[in-house]
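# What follows is a predicted protein model with its sequence.
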Amino acid sequence: MNRSTRLLVKTTPIVVIGIVIIFVLTTNVNYFSINSQNHKLEVQSFNKSIVPLDQIVSGGPPPDGIPSIDNPQFVSIKDADNFMADSDLILGVNINGDIRGYPLQILVWHEIVNDMVGETPIAVTYCPLCFTNQIFNRTLTDGQTLEFGTSGKLYNSNLVMYDRNTNSLWS
């Protein structure tokens, strides 16, 4: 194989991935900016706040400008081999024998997954700014189930979620 052919073989996957990313970003931006124009989250003083509200800052995107994944679809391990490498990182959870894996390569674009695992409503979160991930039970003590979205705000450079039912901020 000559030098030009080797260079083409090495760079083609990078160019294709770049084109796909640009396509995904440009098609989603218009959709989410239209839907979020009338939805604005204001930081308000509450007696129950456990973080200093003056340290919650805008991260740039509007609420749900980074779309969460709600009720995700999963593939088999065999099918995941088509788009994942053995070295790819996943965030795994096992609740009541129900085992799920959330690839970081997907979480980096969505930051929040609202899912039901082992009959437990959970939120899987990942903040690409500080590389933190957490899994929360979305059920409150009164039985209410929360549904989280990205607020577009940050606390200590970390993702701040909001509950779509109450517009309350969660960090």
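Everything's here; your move.
# Would you map the helices across this structure?
Here the chain has its helices, by DSSP state H, at 3-36, 77-80, 104-110.
# Need the contact partners of the second one.
Residues outside helix 77-80 that contact it (Cβ atoms under 8 Å, 6 or more residues apart in numbering): Gly101, Pro103. Bear in mind the C-beta positions are built from the backbone N, C-alpha and C, glycine included.
# from the chain's centre, how far out does that helix sit?
Offset of helix 77-80 from its chain centre (Cα atoms, centre = their mean, to the nearest Å): 21 Å.
# Equivalent analysis for stretch 153-168, please.
Taking Cα atoms, centre = their mean, one finds stretch 153-168 lying 12 Å from the centre of the chain it belongs to.
# From Gly92, how far out is the nearest residue to Asn114 once chain neighbours are set aside?
Using Cβ to Cβ, 6 or more residues apart in numbering and skipping residues adjacent in sequence, the residue nearest Asn114 is Asp70, 4.6 Å away. Noted for Asp70: a distance of 20 Å to Gly92, by Cβ to Cβ, to the nearest Å.
# who has more neighbours, those two?
Set Asp70 next to Gly92 and count neighbours by other Cβ atoms under 10 Å: Asp70 wins out with 14 against 11.
# which residue is nearest the middle of the protein?
Relative to the mean C-alpha position of the chain, the nearest C-alpha, by Cα atoms, centre = their mean, is the one of Glu111, at 1.6 Å.
# Please give me every residue in contact with that one.
Contact analysis of Glu111 by Cβ under 8 Å, 6+ apart lists Ile66, Ser68, Thr125, Tyr126, Cys127, Pro128, Thr150, Leu159.
# Ends of stretch 105-114, what's the gap?
When the termini of stretch 105-114 are compared using Cα to Cα, to the nearest Å, they are 17 Å apart.
# cool, stretch 55-62 as well?
End-to-end distance of stretch 55-62 (Cα to Cα): 18 Å.
# For this protein, just list every one of the strands.
Taking DSSP state E, the strands of the chain run over residues 56-58, 69-70, 90-95, 98-103, 112-117, 120-127, 132-137, 148-155, 158-163, 169-170.
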